[in-house]
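S.K.: next one to model:
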Amino acid sequence: MKTSLYLFLFISLSFGALAQKTVVPGSADIKTANLNPGKSLYTIYYVKDTSWTKKGTFTHELSVSGNEVKLVSNYSDQNNKWYRKTISSADAKTLAPLAYKFEGPKNTFQLTFGDPITGKFHFFDNRKDELVSVAPKEKFVDYNLAEHLFTTLPLSVGYKATIPEFYYDGKTKKLITNYIIKEVKSFQQRSPKTGIHESWLVTVLEESTGAIYYYVIDKSKHFIWQREMSMANGMWEICVNEELDYQPIKNKFNKEEALAKLEKGNSVITGTSFARDHARRGITLVNINKAQYAPKGTVISIIPNSPYLVEWKEVNKKLRKGKKIPEVPIDPNLTQCIKTTKVYDDQGHFEFTNLMPGEYVLMTSFGYTHAYSYSYYAGTSYLMHPSGAVLSSSAVYNTATANEGANAVIETLVTIKTDGEKLKVNLKDVR
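M.R.: Below is the predicted model:
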């Protein structure tokens, strides 16, 4: 029954394809103005049931120069042990293929599209080059550009089309196979970075293998959010767009300038880091050791303040309030511009040298023991008449001491006004 049902579905899909329009390079449906030049990063997952396993990444870098579209794709596994690179070029108006190149760990392969299509395999194990010459009769798109062609089409609910694609790896007998767009429906793509986006869910059949693909294509910006491909035994390959162009922070971080401020000046910051508690949980407290100094060895950090850092804090503060979109990761270059020192005694003292004039953020955190005394209700005292009647009453309070763990998290701004200045600061957490 399963085999019969599969044959029935395959025949039905094949006959359905005959009724659809065929889109080839130069077709009126292709609007290359919808292509999105730039670099995209996708993470590859193998998914079964609720289990997602990262298998690698790939990048697409699309560029348009003159009359030529160029796509450079780089694939690597999660351990960077396997890779491949493909380079495709096509006519910028029609997407008619011009050239293709493959680079892998064992060989390279390149094609020039013409009549006939010519090329060669070059092997890294001293085998002789293999020349290629093939001449397919029908029009086609380079398989490497096929999914980008989908983004140029006038997608709408119910849109259908057949796209012939060319693929050759030295073993392939059938040079042209069809990608068949079976269904297009509206879809809302939820991005963890930028929220919900109105999109198209495009169902594609790869005729030669029977594999089903689902593409999520943004309705307004015409790029691919996600690609899902059916595999054996209920497994799916899902490729997720990581939104490299997501830049909520408008200001740019200047690494060279930040490093210079930390190393090329003559100013000094000396200081004391401590915590001071006065009250806790609404109970009046008397802190036995008011100045809780940062222990010897506590790390103190300093970062040059900048428009980028100020904006990064403000943006993430708003995102935390909204609770819908994750916070924006900090520029990794900034983490390389954090200078540290350590408290060198038991009174919380620290020093920074070689600083240039400017504004800086000082930060530290440390744990300490909060020792305090407090009063508590111990009962009621009564003045009694010999007859046993209560004449008056008053509350009785006792005092006690206690200890509890506390944690100080301190951040403060300081400004060095002139080169050579020696600035003293108190890095304190007062509660």
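
S.K.: please point out which parts of stretch 235-247 sit buried.
M.R.: Within stretch 235-247, the residues that qualify as buried by neighbour count (16 or more other CB atoms under 10 Å) are Glu237, Ile238, Cys239, Val240, Asn241, Glu242. Where you see a C-beta, it was placed from the backbone N, CA and C, and this is true even at glycine.

S.K.: correction: the previous question concerned stretch 251-258.
M.R.: For stretch 251-258, the buried set under the neighbour-count rule, 16+ other CB under 10 Å, comprises Phe253, Asn254, Ala258.

S.K.: how about stretch 207-226?
M.R.: Glu207, Tyr213, Tyr214, Tyr215, Val216, Ile217, Asp218, His222, Phe223, Ile224, Trp225, Gln226.

S.K.: give the rounded mean pLDDT of it.
M.R.: Confidence over stretch 207-226, taken as the mean pLDDT, stands at 95.

S.K.: can you pull the contacts of Val343?
M.R.: With contact taken as CB atoms under 8 Å, 6 or more residues apart in numbering, Val343 is in contact with Ser273, Tyr293, Ala294, Pro295, Lys296, Gly297, Thr298, Ile300, His349, Phe350.

S.K.: which pLDDT value belongs to it?
M.R.: Looking at Val343, its pLDDT stands at 94.

S.K.: show me what Ser88 is bridged to.
M.R.: Taking DSSP bridges, one finds Leu71, Tyr100 as the beta-bridge partners of Ser88.

S.K.: and the helices in the stretch 301-431 of the chain, which stretches?
M.R.: Secondary structure of the stretch 301-431 of the chain, counting by DSSP state H, counting those that start in this stretch: helices at 307-322, 332-335.

S.K.: would TSV of those with mean neighbour count be doable?
M.R.: As requested, the helices of the stretch 301-431 of the chain are exported to TSV (neighbours: other CB atoms under 10 Å):
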stretch	mean neighbour count
helix 307-322	14
helix 332-335	13
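
S.K.: on that earlier part again, of the buried residues of stretch 207-226, which belong to strands?
M.R.: Within those, membership in strands is found for Tyr213, Tyr214, Tyr215, Val216, Ile217, Asp218, Ile224, Trp225, Gln226, as judged by DSSP state E.

S.K.: the last one reaches Asp218, doesn't it?
M.R.: No. When contacts are counted by CB atoms under 8 Å, Gln226 is not listed as touching Asp218 (10.4 Å).

S.K.: shared neighbours, these two?
M.R.: Between them, Gln226 and Asp218 share the contacting residues Gln189, judged by CB under 8 Å, 6+ apart.

S.K.: tabulate the helices of the stretch 301-431 of the chain (a markdown table), appending mean pLDDT and distance to His60.
M.R.: Putting the helices of the stretch 301-431 of the chain into a markdown table (pLDDT from 0 to 100; distance: least, CB to CB, whole Å) gives the following:
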| stretch | mean pLDDT | distance to His60 |
| --- | --- | --- |
| helix 307-322 | 89 | 28 |
| helix 332-335 | 90 | 22 |
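
S.K.: great, nothing more from me.
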